[in-house]
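# Would you be able to build a 3D model of this:
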Amino acid sequence: MTIQKYARIAGVLMLLSFVAGGFGEAYIPSQLIVSGDAAATAANIKGFGSLFRWGFAGYLVEATCDIGLSLMFFVLLRPVRKDIALLAAFFGLVGTAIFAAAELFYLAPSLILRGNGYLNTFSTDQLNTLALLSLKLFALGGVIPAVFYGVAWVLRGYLIFRSGYLPRFLGILMTLAGLGFIMRNVLLILAPAYASGSLLLLMVPGGLALTAWLLVKGVNEQRWNEQASAAGFVTS
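Numbering: from 1, shown residues only. Predicted structure coming up:
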C-alpha cells in the first residue's frame with residue numbers, strides 16, 4: 001500500500017476507536033452503574049442485559065482498532081526513528097492487553113447475577129454486592145493500562161513533531177494527551193483526591209484533530225518518501 005493509504009486507514013481506525021470507546025467505556029457505564037447502590041446496579045444489568053453486552057462489544061471494536069493503529073503508526077512514523085516508533089507500538093499493545101484482562105471483571109456480573117445452582121450459597125444482596133465489586137475492579141483495572149497508553153502517545157507525539165510530514169501542532173497536542181493519561185494514572189495511585197478525570201479530556205482535541213488530518217490530508221508523501229529513503233526503507 002502507499003503511505004497515504006496507511007494514513008487514511010489510521011484515520012478510520014482512530015474514528016472507530018473514539019466512537020466505540022466512548023460508547024463502551026463512558027456512555028454504557030453511566031447508564032447502568034449506580035455508584036454505591038449494588039441493588040440498583042444489579043437491576044439495571046438484569047433489565048438492560050443487551051445494552052450491558054453492547055458495552056463489551058464496543059470495547060472489542062476499540063481494542064481491535066487500537067491493535068491495528070499500533071501497526072499503522074509504526075509504518076507512518078518509523079522514518080523519523082524506527083526504534084522509538086517500535087517502542088510506542090509495544091507500549092500501545094501492552095496497554096490494550098492489560099485492559100483486555102480488566103474487561104473480564106466487566107463481564108463477570110452477567111454471570112454472577114444469573115444465580116445458577118452453585119451460587120445458591122449467596123443471598124441476593126451478596127450477589128448484588130459481588131456484581132458491583134466486580135465493576136469497581138474493572139474500573140480500577142482500567143487505570144493500570146492508562147500509563148502505557150499515555151507513554152505510547154507521548155512517543156508518537158514526539159515523532160509527529162519531528163517528522164516534517166505531519167504538522168507539529170498535532171505532535172504537541174498528542175504529547176499533551178499522553179501526559180494527561182500518565183498524570184491521572186500517577187495521581188490515582190499517589191494522590192487520589194487530585195486525580196481529576198478531566199486530565200483524560202486532553203485526548204479529545206488532539207485525537208480529533210489527528211483523526212481529521214489523517215482522513216482529509218494524510219501525510220506529505222514527498223517528505224515521507226525522502227525520510228524513508230534516507231532511513232533505508234523501501235518506498236512506494
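# so Gly197 sits right up against Met183, yeah?
No: assessed by CB atoms under 8 Å, Gly197 is found out of contact with Met183, at 11.7 Å. In this view, the C-beta of every residue, glycine as well, is placed from N, C-alpha and C.
# So for the two, which residue has more residues nearby?
Met183 (19 against 9; other CB atoms under 10 Å).
# Which residue is the nearest non-sequential neighbour of that one?
Sequence neighbours aside, Leu199 is the residue nearest to Met183 in space, at 5.5 Å (criterion: CB to CB, 6 or more residues apart in numbering).
# contacting residues around the one you found?
Applying CB atoms under 8 Å, 6 or more residues apart in numbering, we find Leu199 in contact with 180-181, 183-184, 187.
# mind checking pLDDT for it?
Looking at Leu199, its pLDDT is 85.
# do you know how far it is from Ala26?
Using CB to CB, to the nearest Å, Leu199 is found at 15 Å from Ala26.
# what does whichever strand or helix holds Gly180 contact?
According to DSSP states H and E, Gly180 maps onto helix 168-190. Helix 168-190 is contacted from outside by 143-144, 146-147, 149-163, 194-197, 199-203, 205-207, 209-210, 213, using CB under 8 Å, 6+ apart.
# give me that answer again for 7 Å
Contacts to helix 168-190, defined as CB atoms under 7 Å, 6 or more residues apart in numbering, come from residues 143, 146-147, 149-151, 153-154, 156-158, 160-161, 194-195, 199-200, 202-203, 205-207, 209-210, 213.
# Going by neighbour count, which of the contacts of Leu199 comes out on top?
Phe181 (24 neighbours).
# Mind exporting the C-alpha coordinates of the lowest-mean-pLDDT helix or strand in the chain to PDB?
Every helix and strand of the chain was ranked by mean pLDDT, DSSP states H and E. The lowest is helix 28-32, at a mean of 86. C-alpha atoms of helix 28-32 as PDB (Å, rounded to 0.1, in the frame of the first residue of the first chain):
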ATOM      1  CA  ILE A  28     -23.000   2.400  28.900                       C
ATOM      2  CA  PRO A  29     -21.400   2.500  32.400                       C
ATOM      3  CA  SER A  30     -23.100   5.900  33.100                       C
ATOM      4  CA  GLN A  31     -26.500   4.400  32.200                       C
ATOM      5  CA  LEU A  32     -26.200   1.200  34.200                       C
END
